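Participant: missing the sequence, but the structure's below:
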């Protein structure tokens with residue numbers, strides 16, 4: 001179309017048409033966006049309701065399983081003379097086809113006196129590096145005193161340190177270890193259940209009990 005040949009009225013009409021088409025397109029986009037928002041609202045609400053029901057049912061069954069195994073764990077403690085207070089308990093069927101573990105996840109924590117114990121141990125081991133063998137022992141002790149990324153000691157490493165302290169028979173070393181042990185403040189975070197079953201091929205597989213594992 002040669003716009004130069006159009007009259008003023010024709011140009012005005014064409015412009016008005018273009019403006020109307022652009023406005024219609026904007027209106028269409030706005031309507032579709034509003035429809036999208038409404039669809040999101042409906043879908044989210046419906047899905048959250050389903051997941052709330054699922055969460056409530058999972059919590060109910062989880063508590064039910066822990067309650068049922070309370071009797072089993074008490075009987076285990078009495079029959080086999082084992083101590084209570086374990087972090088985990090595992091039970092396996094007679095044919096080994098199914099295994100269930102119940103436990104408590106724990107974040108390891110320490111009060112501020114742990115630093116005094118660490119300093120005491122470090123003072124002791126500084127006196128030990130006199131030859132290659134003792135230097136290796138120092139490296140071992142220092143690695144056991146190393147903290148994780150969260151800045152905390154690992155309780156199992158402290159137990160290894162205690163074995164070394166007992167072998168050393170050094171009072172200062174032992175005192176430092178005792179201070180560290182006394183500073184231990186574990187914090188329970190949650191209870192968990194893990195189930196392992198054997199498939200048709202006889203291989204062990206975990207039963208997915210979280211949405212991310214399904």
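Facilitator: Received the coordinates, thanks. Keep in mind that what you see is a predicted model, and the values were worked out from it rather than measured.
Participant: Run through the strands of the chain in chain order.
Facilitator: Ranges of strands in the chain, per DSSP state E, are 88-92, 98-107, 187-198, 204-206.
Participant: and those strands as TSV, adding distance to residue 161?
Facilitator: No exception for glycine: its C-beta is placed from N, CA and C like everyone else's. Putting those into TSV (distance: least, CB to CB, whole Å) gives the following:
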stretch	distance to residue 161
strand 88-92	23
strand 98-107	19
strand 187-198	21
strand 204-206	34
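Participant: Comparing the ones you listed, which stretch has the densest surroundings?
Facilitator: strand 98-107 (a mean of 15; mean count of other CB atoms under 10 Å).
Participant: Return the list of strands paired to that strand, each annotated with direction.
Facilitator: Strand 98-107 pairs in its sheet with strand 88-92 (antiparallel), strand 187-198 (antiparallel), by DSSP bridges.
Participant: between those, which gets nearest to residue 56?
Facilitator: Minimum separation from residue 56 across the strands paired with strand 98-107 (CB to CB) falls at strand 187-198, 16.3 Å.
Participant: Show me what that closest one is in contact with.
Facilitator: For strand 187-198, the external contacting residues (CB atoms under 8 Å, 6 or more residues apart in numbering) are 62, 65-66, 96-109, 204-207, 209.
Participant: try 10 Å
Facilitator: Residues from elsewhere that reach strand 187-198, judged by CB atoms under 10 Å, 6 or more residues apart in numbering: 58, 61-63, 65-66, 69, 87-88, 90, 92-93, 95-109, 203-210.
Participant: now swap in stretch 95-104 and tell me
Facilitator: 62, 65-66, 69-70, 72-73, 85-93, 186, 188-199, 202, 204, 206-207.
Participant: what's the model's confidence in that stretch, averaged?
Facilitator: Mean pLDDT, stretch 95-104: 94.
Participant: mind checking how far it is from the chain centre?
Facilitator: How far stretch 95-104 lies from its chain's middle: 20 Å, per CA atoms, centre = their mean, to the nearest Å.
Participant: And the worst-scoring helix or strand of the chain on mean pLDDT, what does it pack against?
Facilitator: Counting by mean pLDDT, DSSP states H and E, the weakest-scoring helix or strand in the chain turns out to be helix 132-145, with a mean of 77. Other helices and strands packing on helix 132-145, by 3 or more CB pairs under 10 Å, 6 or more residues apart in numbering; DSSP states H and E, are helix 114-126, helix 155-168, helix 171-182.
Participant: Of the ones you listed, which is nearest residue 17?
Facilitator: Among the helices and strands packed on helix 132-145, helix 155-168 comes nearest to residue 17, with 78.4 Å by CB to CB.
Participant: buried stuff in the closest one?
Facilitator: By 16 or more other CB atoms under 10 Å, the buried positions in helix 155-168 come out as 158, 161, 162, 164, 165, 168.
Participant: any idea of the mean pLDDT in it?
Facilitator: Helix 155-168 comes out at a mean pLDDT of 86.
Participant: can you list the residues that contact it?
Facilitator: Taking CB under 10 Å, 6+ apart as the rule, helix 155-168 contacts 106, 108-110, 114, 117-118, 121, 124-125, 128, 137, 140-141, 143-148, 153-154, 170-178, 180-181, 183-184, 186.
Participant: circling back: other residues contacting the least confident helix or strand of the chain?
Facilitator: For helix 132-145, the surrounding residues in contact (CB under 10 Å, 6+ apart) are 117-118, 121-122, 124-130, 153-154, 156-165, 167-168, 173, 176, 180.
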